[in-house]
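Engineer: Quick one: sequence plus predicted model below, questions after.
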Amino acid sequence: MDYKSTLNLPKTDFPMRGNLPQNEPKRYARWFEEGIYERMKKNREGAELFTLHDGPPYANGKIHIGHALNKILKDIIVKDHYFQGYAVRFTPGWDCHGLPIEQQVEKKLGKAKKEQLPKTRIRQLCREHAAKFVEVQKEGFKSLGVIADWERPYITMDYRFEANIYRALCDVAGKGLLVERSKPVYWSWAERTALAEAEVEYEDKEDYSIYVAFELGDKAKEKLGHPQAAALVIWTTTPWTLPANVAISLNPEEMYVLTRDGYIVAEKLFDDLEQSGVVEGPVEMRIPARDLEGLVAINPLNGRPSRIVLGEHVSMENGTGAVHTAPGHGEDDYRMGLLYGLEVVMPVDEEGRYDETVVRLGLLPDAERFVGMHIFEANEEIIRLLGKSLLKAERFNHSYPHCWRSHTPLIFRATRQWFISVDGTPEGAEKSLRTLALEEIEKTRFYPEWGRNRLKSMVEGRPDWCISRQRDWGVPIAFFRHKKTGEVILDEKVLNFVAMIFEMKGCDAWYELSVEELLYPGSGYDPAELEKVMDILDVWFDSGSTWKAVLKSRDYDAGAFPADLYLEGSDQHRGWFQSSLLLSCAIEHRAPYKAILTHGFTVDEKGEKMSKSKGNVVAPDEVAKKFGSEILRLWVAMSEYKSDLKISDAILKQVAENYRKIRNTFRFLLANVNDLQEPMKPEELGELERWILGEAAKVFGAMRESFERYDFSKGYHTLVNFLTNELSGVYLDITKDRLYCDVADAPSRRGAQTAMAMIARALLPLIAPVLTHTADELVEYAPEAIKGEAKDIFDFTYAPLPELESAMDAPFMLSAREAFFEVVDGLKKEGRIKQTLELAIVGESGKFAALDPKDVADWFVVSEWLKSSDAEPLGHFETDGERFAIVPAPGHKCPRCWRFAAEEEDSLCPRCREVLAS
């Protein structure tokens, strides 16, 4: 007889293979067509709110693997809160203004043609470019299964949004923190604009290291009683700044020495300078720095006076202890200029070339030939002009600030710019903006914790924030200025009227409309006497004010202010995290977030940065086509994202293997629960079921603890380990006999089915944040015992498994099982057995007492557990000091269940006879 039809074989239509690349797009499309985000909101009406505020990616180009990592991680966190029962808000957004988009437009047009076009046309082209890539990126994110408010994203170039960015600027001005002044800033001569610190990158650059003697003036020599040669020696790596020198800074607490050859350097640096051949000993005179304050040296390039000043910034670590000071070319130099009233000489134009100032002020010999010369090209000529004043010159490589877009070296250049005063006190606050920000950092949670000190150190050391740019594509600093007095009008009614125009027509109106049309009609100002400020805002101001334009605006249902979480790459401590913090503290006197999470960058499997030239770029759309986006999502979840994340085909194949383990485990659960009509009550379950449910409860609880710390990697590795070992490796293995061979409604079989259904039901909302497509597919095929009345995965809410105690000595049983299978492996290799059902285990143990004899036999997957036997042992195993024998099973092989428990050859065992009789 063929007994196969009498078995309760697993049955499910849930496919073994996911065919993810083909099936995901269809399911995702259905989600978005059905408005799944709105349904998620409706499902959680009245629940506690969780707000993740999206840091806007830049609307320029297709999404890359870093984008995918970022958005998938956000999606996982939002969904995890949803399946925990929270009402969630996730409004995606895009940064649309700024230099990179303008560069792309210029690249298409050509620089010459762009410069001939009106600003309004350039802005229109930039707007079209950004709009195109907003849609491209949106579809890219949706193809990764990211669920968000895609119907109402925030886009920084939308008219109302531009108006709100401008209102944030007006709020900062109203708080008394907005200042306009001529100050040296990082300047990109290649892009002809100022840069903020967040836009500065460091790359290696070859420069000159030169030591130059500035002869003291006659009065200075007279004061020192040294009428012969006496010169301060300065050290610089920027010879091109020497024409703008107006002072030499000394450290006020240091002693300086005059050498025999007539040079003055810091005493602490004398030995090093003598050894390197810059000066010669012996020392003839020791001079306190304060004795030199106010005296004058002579610039050897142009004969102009260079005043001796005192500054604590002068280091004794290198150089000469005498710092060449040009207030137009350095932050410290500028501060010294304010302190001593020094002239700010700026002979360099926006393209990094010397202008007519070198002629007008006589900054260089034969100055006319330098006009139009690029400063870096002038270095060698300036060094030549120094003549005997040049004591030493050599070339060296060092880390130097570069433009983040053009990758060209930057310069410090004093221009008239707008700044947010970091040390100013916002109106209505009692502390400076810097202090407020530092205090809010202490109140914020950081994942990982080291992010706190990183952000703190950046805020502690940062200068005032330069927010103005000299480009075309951005939100204008839309203020009116009196032509005669230069006074800026900050009248509230005037500003509100401009904001209202921006809301209706966009900020392009600033360039399209006249002063008269833009000016509030009842302002009392004469339009003919006013002019427009034509600078635009730093794009970091745009993104830094999104909390105001999104979370505090009625235009979006984006959640609450402050947001529960900001999440971006670790580079955003100097970018979005900081700009958002400063603007929020300036306006609201508090941080815009309760917590910050940072992730690392994506690298190849060797840890190298990805680049097209290396051929190691991993594109998310290619991964989705080859593996499916679920594999990319699982890669994010199983990676330690707090450091750099490695990705490659080989790594993704490993992740795909873990996915198969998860999928096949679920398939087994679904297939064996298919006919469960009445689950048993937890208290009715047997010891094996109580044990596995207890193990699952511990594992799921540990996963939840990890997820609450946003440590998804630890949670998923814990899960895969459990699925591989305790669940699949032990429980699903030992229950196959009762599932397949017992009577369909036998308590032993129903108990196993109940445990499996409970585990599957609890596990679905745990995996759903990451494997949303697979979880939804599982619900589609799941029997009622698992899904209940749920229509799809989005009707689930996580509920922990009940805490069940088992009388079974699990550590002993697991150890015994492991020891048993070590012996079995040897027996199989020797060819003495083919399967464990040929065996029985002999031995008495009180630690088996909690289990039914059949449960003990199932635990070892043998045919019987015997307290004694006369059979010759095939082997022995020991556990915890107890010894057990392995013997041939005493019965014959049952043709139905294959256990060696039948009384006669080719007959059924007692259990199978009973099943068939029923």
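Structural biologist: Perfect, thanks for sending it.

Engineer: C-alpha only now, for contacts and for neighbours.
Structural biologist: Fine.

Engineer: Can you check the pLDDT for K219?
Structural biologist: On the pLDDT scale, K219 is placed at 89.

Engineer: mind starting the numbering at 828 from now?
Structural biologist: Okay, residue one is now 828; in that scheme the one you just asked about reads as K1046.

Engineer: Name the single longest strand found in the protein.
Structural biologist: strand 1027-1042 (DSSP state E).

Engineer: Please name the residues that touch E1111.
Structural biologist: Applying Cα atoms under 8 Å, 6 or more residues apart in numbering, we find E1111 in contact with V1084, L1085, T1086, R1087.

Engineer: and the second one, that's in a helix?
Structural biologist: No: read with DSSP: H, G, I helix; E, B strand; the rest coil, L1085 is strand and lies in no helix.

Engineer: Dig out what it forms beta bridges with.
Structural biologist: Counting by DSSP bridges, L1085 forms beta bridges with I1091, M1112.

Engineer: isn't it right up against A1093?
Structural biologist: No: contact status for L1085 versus A1093: not in contact, 9.0 Å apart, counting by Cα atoms under 8 Å.

Engineer: What about E1730, how many residues nearby?
Structural biologist: 15 (other Cα atoms under 10 Å).

Engineer: ok, it touching G1718?
Structural biologist: Yes: E1730 is in contact with G1718 according to Cα under 8 Å; the separation is 5.8 Å.

Engineer: any idea how far stretch 1255-1272 is from the chain center?
Structural biologist: If you compare the mean C-alpha spot of stretch 1255-1272 with that of the full chain, they lie 23 Å apart, counting by Cα atoms, centre = their mean, to the nearest Å.

Engineer: Go through the contacts of E1111 and name the one nearest S1466.
Structural biologist: Distance to S1466, by Cα to Cα, is smallest for V1084 among the contacts of E1111, at 58.9 Å.

Engineer: what about the closest residue in space to the closest one that isn't next to it in sequence, how many residues close to it?
Structural biologist: In space, not counting the residues next to it along the chain, V1084 is nearest to R1113; the distance is 4.5 Å by Cα to Cα, 6 or more residues apart in numbering. Here the number of neighbours of R1113 (other Cα under 10 Å) works out to 15.

Engineer: any idea how far R1113 lies from T1086?
Structural biologist: Distance of R1113 to T1086, computed by Cα to Cα, to the nearest Å: 9 Å.

Engineer: now swap in F1527 and tell me
Structural biologist: Distance from F1527 to T1086, counting by Cα to Cα: 76 Å.

Engineer: for L1119, same thing?
Structural biologist: Computed with Cα to Cα, the distance linking L1119 and T1086 is 16 Å.

Engineer: ok, now L1345?
Structural biologist: 66 Å.

Engineer: quick one, what contacts S1370?
Structural biologist: S1370 sits next to G882, P883, D922, T983, W1403, S1406, S1407 when contact means Cα under 8 Å, 6+ apart.

Engineer: List phi and psi for the residue sitting nearest the centre point of the chain.
Structural biologist: Among the residues of the chain, the one closest to the centroid is G1396, at 1.9 Å (Cα atoms, centre = their mean). Note on G1396: backbone dihedrals following degrees, to the nearest 10 are phi -70, psi 160.

Engineer: what sits against it?
Structural biologist: Shown in contact with G1396 (Cα under 8 Å, 6+ apart): N897, T1425, H1426, G1427, F1428.

Engineer: Swap in 7 Å and give it another go.
Structural biologist: Residues touching G1396, when contacts are defined by Cα atoms under 7 Å, 6 or more residues apart in numbering, comprise T1425, H1426, G1427, F1428.

Engineer: Turn these into CSV, columns for pLDDT, secondary structure and neighbour count.
Structural biologist: Compiled in CSV, the contacts of G1396 are given as follows (pLDDT from 0 to 100; DSSP: H, G, I helix; E, B strand; the rest coil; neighbours: other Cα atoms under 10 Å):
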residue, pLDDT, secondary structure, neighbour count
T1425, 95, strand, 24
H1426, 94, strand, 23
G1427, 92, coil, 18
F1428, 91, coil, 20
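
Engineer: Show me what stretch 959-979 is in contact with.
Structural biologist: Looking at stretch 959-979 with Cα under 7 Å, 6+ apart, the contacting residues turn out to be 852, 855, 864, 886-890, 899, 902, 917-919, 921, 1456.

Engineer: Flag whichever of those residues scores worst on pLDDT.
Structural biologist: Lowest pLDDT among these: G888, 87.

Engineer: leaving aside the residues next to it on the chain, what's closest to that one?
Structural biologist: Skipping the residues right next to it in sequence, G888 comes nearest to F960 by Cα to Cα, 6+ apart, at 6.1 Å.

Engineer: I'd like to know how far the one you found sits from R948.
Structural biologist: Look at F960 and R948: by Cα to Cα, they are 19 Å apart.

Engineer: Can you give the contact residues for the very next helix or strand once past the longest strand of the chain?
Structural biologist: Proceeding N to C from strand 1027-1042, the next assigned helix or strand is helix 1045-1051, under DSSP states H and E. Among residues not part of helix 1045-1051, those counted as contacts by Cα under 7 Å, 6+ apart are P1054, A1057, L1122, V1123.
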